[in-house]
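**Student:** after the sequence you'll find the predicted model.
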Amino acid sequence: MSDFKLKEDTSWLDNLRVIATISVIFLHVAAPFLYKFTKISGFNWWTANVYDSLVRFSVPIFVMITGALLLPKDYQLNDYLKKRVVRIIFPFLFWISIYSIHVLYLLKNGFKLPFLQMLTIGSTTFAYRTTYHFWYIYMIIGIYLFIPILSKWIKNAKEKEIHYFLLLWIVAIIIAQPLFSKYVPDFNLQYFAGFIGYVVLGYYLSIRNFENVKHIKAIALLIFATGVLLTVFGTYFLSLISGRFVIDLYTYFSPNVIIAAVGLFLFFKHINLANPIWKAIRKFINKHSFGIYFIHILVLFYLNKSGINGAVLGPAFGIPFATLACLCISGLMIYLLKKIGLAKVVG
């Protein structure tokens, strides 16, 4: 285990969180254009395809950061549940109420919802339509519940045991791909096929020492570029064959997205961003990133109603512009909500 070293400075993970926060907004701004394959100009569709492919790492990176930060620690179960899980539950309940009330108001110009339905709204089809980005919150709550158990195993695991877990995870992902699923026996590897693999991967890459690898930053960028290019061109050719947009290579468990996430993770691990302006931006976004994730879909909705979306000045300029506008407004709103005493519920 001499090749393992836990970095005391975790600012590189903060840098990654900032990039992932911006990227998830960018992804949601670009996505609508992709479903207009053959219905919009080739240039506009390709622009959205390239943009979206560049940021598909966003959710995997969030989960990898979770593994890198939480798995090395020791936990007392009661304290952990209070500090970690409860800290997610209150913002979740607050924002799902806000989104649900908002959509009911839009649909009915007012709302009437039975009390019992309000209690179960988080698991209904209606809730998914109103808060489609909340799938991530459901997933991360499940991961947080599992962290204390996983932490005890991974800190006592040998390197080859971690390799074994990650190998099974990769195999489970590959055999689940549409390209292979018809030709591979139906092995039941579902327990290795979820986001928990990203948690373990993030932990492993964060403590694995790559300092002796020559040109590690260039290699990391090459890995990232390979994953992105596979996504860009693979998606185009699959869509061309089908005559419609095919999302298969955009999923968070497609091998190309994993490759891109690994490359970006390693690249940020080995660079030092010391610019004072970047440090100030990093501090602000990191402090409010959870709330920004919750609110950004609502902000995008009203920006779009105001005519500010990815189509403004064309997707090439409109997607970055709408992303920046959404980021700034979302960050400001979370900052102000915290200032008026809602810090515990806005995220």
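**Tutor:** Cool, the structure landed.

**Student:** all contacts plus neighbour counts: C-alpha atoms, from now on.
**Tutor:** OK.

**Student:** pull the helix or strand with minimum mean pLDDT from this structure.
**Tutor:** Every helix and strand of the chain was ranked by mean pLDDT, DSSP states H and E. The lowest is helix 115-120, at a mean of 44.

**Student:** any buried residues in the longest helix seen in the chain, and which?
**Tutor:** The longest helix of the chain (DSSP state H) is helix 276-305. Of the residues in helix 276-305, 282-283, 285-300, 303 count as buried by neighbour count, 16 or more other C-alpha atoms under 10 Å.

**Student:** one more: stretch 57-75?
**Tutor:** So stretch 57-75, judged by 16+ other C-alpha under 10 Å, has buried residues 57-68, 70-71, 75.

**Student:** and the strands in the protein?
**Tutor:** Read by DSSP state E, the chain holds no strands at all.

**Student:** residue ranges with poor pLDDT in it?
**Tutor:** Along the chain, segments meeting pLDDT under 70 span 1-8, 104-131, 180-192.

**Student:** would you point out which residue is most central in it?
**Tutor:** Val59 (1.5 Å; C-alpha atoms, centre = their mean).

**Student:** how close does that one get to Thr251?
**Tutor:** 10 Å (C-alpha to C-alpha, to the nearest Å).

**Student:** do the same with Phe90
**Tutor:** On the measure of C-alpha to C-alpha, Phe90 and Thr251 end up 29 Å apart.

**Student:** now do Tyr99
**Tutor:** In terms of C-alpha to C-alpha, Tyr99 sits 25 Å off from Thr251.

**Student:** so between the two, which is more surrounded?
**Tutor:** Relative neighbour count places Tyr99 above the other of Tyr99 and Thr251, with 18 against 14, counting by other C-alpha atoms under 10 Å.

**Student:** show me the contacts for the residue lying closest to Ala225 once chain neighbours are set aside.
**Tutor:** Leaving out its chain neighbours, the residue that sits closest to Ala225 by C-alpha to C-alpha, 6 or more residues apart in numbering is Ala260, at 6.8 Å. By C-alpha atoms under 8 Å, 6 or more residues apart in numbering, the contact list for Ala260 reads 57, 223-228.

**Student:** output the contacting helices and strands for the longest helix of the chain.
**Tutor:** Judged by 3 or more C-alpha pairs under 8 Å, 6 or more residues apart in numbering; DSSP states H and E, the packing partners of helix 276-305 are helix 11-34, helix 86-108, helix 315-337.
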